[in-house]
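J.: Take a look and give me a structure for this.
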Amino acid sequence: MKKLRTIINRFGNARILVLGDVILDEYISGGVERISPEAPVPVIWADTHNFVPGGAANVASNISSFGASVCLAGVVGKDKNAGALLSELKKRKISTAGIFADPLRHTTVKTRIIAGHQQVVRVDWEHTHSLSRKINNAVAGFVKKNIDKFDAIIMEDYGKGVINMGLLDEVIALSHSRKKIITVDPKEEHFLYYQGVTSITPNRRELENAIRNLRIKDISNRFKFNTDKLFTDKDVISAAKEILAYLGLESLLVTLGEQGMRLFEKNGRVTHIPTVAQEVFDVSGAGDTVISAFTLALACGASKLEAAHIANFAAGIVVGKLGTAVTDRKELLERIS
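T.: Modelled structure (predicted):
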């Protein structure tokens, strides 16, 4: 525990680049007193309206909350929602030097309408098509020009188009040449994109879906795992080991909800880390906290196992909060103590 506290106290010295799909989470909430005469739906008397950074922007928010220096790279539209997102990022001391505006895309927004504590509906505004060559080159150019300013890169893949094979090929090769840590919060359809990164952090469902997709796309027939569903711990272990080897990763950290996490390392070591969550109110954004704390710890000299333990403690804090939440060094140190 003393070693973990030493690593966390170094967080303020780290410099992290977060690259991926930035999202604006919008919350409109209020009470319900009647049903609409127009349709059988509740009428929400709205009294609260706020914005929170989501997706890659929430990862950057986590990094900033831990006291580290963070820059966000991604794409927004040329719309009022871009302004709202950039304003929220500025409040959190997150550099937006790597964000580019594309007039042909929406800023991705997820609007949640909440009655009391119950979400009634969610409305999404987004584009998921590939980036134009011009915007893709601009993002890649930013990374190439600035990579030496960062200790690690986090890829946050929500499948909105920013994380694509062309961009990742450039960034991964560049990271290897500069000996930079590169971690990925993955999208199950894109596992083949992540060959050669330091680590990925899928949950159990993402691992299951990735297995199916890898087997379909593996024209070389090197991927041998043949079970779609991971019913047992043995299934999870076998699947994760196969993916670790197939993608050439240094480690793979699988999050398992109330069962905690399991860390797989290139040297063959497998470690189960039980959850430390004292109570669970909301798992929203817990994966963002995991990859943030895990990567920060690696950037501060932690081993993969030490970083996984720190990420587990951080996740145990945020699931005890409502909404897309973050934690900080003070809370993390107190929980470990």
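
J.: could you dump whichever strand or helix holds residue 263 to PDB, C-alpha only?
T.: Using DSSP states H and E, residue 263 maps to strand 261-265. What follows is strand 261-265, C-alpha atoms only, in PDB (Å, rounded to 0.1, in the frame of the first residue of the first chain):
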ATOM      1  CA  MET A 261     -10.800  -7.200 -12.400                       C
ATOM      2  CA  ARG A 262      -8.400  -9.800 -13.900                       C
ATOM      3  CA  LEU A 263      -5.000  -8.700 -15.200                       C
ATOM      4  CA  PHE A 264      -3.300 -10.700 -17.900                       C
ATOM      5  CA  GLU A 265       0.400 -10.100 -18.500                       C
END
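
J.: In the sheet, which strands lie alongside the next helix or strand after it, parallel or antiparallel?
T.: Per DSSP H and E, the first helix or strand lying C-terminal to strand 261-265 is strand 270-273. Strand 270-273 sits in its sheet next to strand 261-265 (antiparallel), going by DSSP bridges.

J.: nearest residue to residue 26 other than its sequence neighbours?
T.: residue 111 (4.3 Å; CB to CB, 6 or more residues apart in numbering). Glycine gets a C-beta too; all of them are placed from N, C-alpha and C.

J.: what's the answer for residue 217, then?
T.: residue 192 (5.8 Å).

J.: Run through the residues that contact that neighbour.
T.: If you count contacts by CB atoms under 8 Å, 6 or more residues apart in numbering, residue 192 has them with 165, 214, 217, 247.

J.: before we move on, what about residue 207?
T.: Contacts of residue 207 (CB under 8 Å, 6+ apart): 188, 230, 236, 239-240, 243, 254.

J.: Mind picking the two most distant members of those?
T.: For those, the farthest-apart pair by CB to CB is 188 and 236; their separation is 14.9 Å.

J.: What count of nearby residues applies to residue 28?
T.: 16 (other CB atoms under 10 Å).

J.: Assign it to helix, strand or coil.
T.: strand (DSSP: H, G, I helix; E, B strand; the rest coil).

J.: pretty sure residue 306 is in contact with residue 4, am I right?
T.: Yes: the pair residue 306 / residue 4 is scored as a contact, 6.2 Å apart, by CB atoms under 8 Å.

J.: about what we covered before: for the residue nearest to residue 26, give me the backbone phi and psi.
T.: Recorded main-chain torsions at residue 111 are phi -100, psi 120, according to degrees, to the nearest 10.

J.: separation between residue 156 and residue 313?
T.: For residue 156, the distance to residue 313 equals 21 Å [CB to CB, to the nearest Å].

J.: residue contacts, the spatially most central residue of the chain?
T.: The residue lying closest to the centre of the chain (CA atoms, centre = their mean) is residue 288, at 3.8 Å. Counting by CB under 8 Å, 6+ apart, residue 288 touches 58-59, 62, 156, 185, 324.
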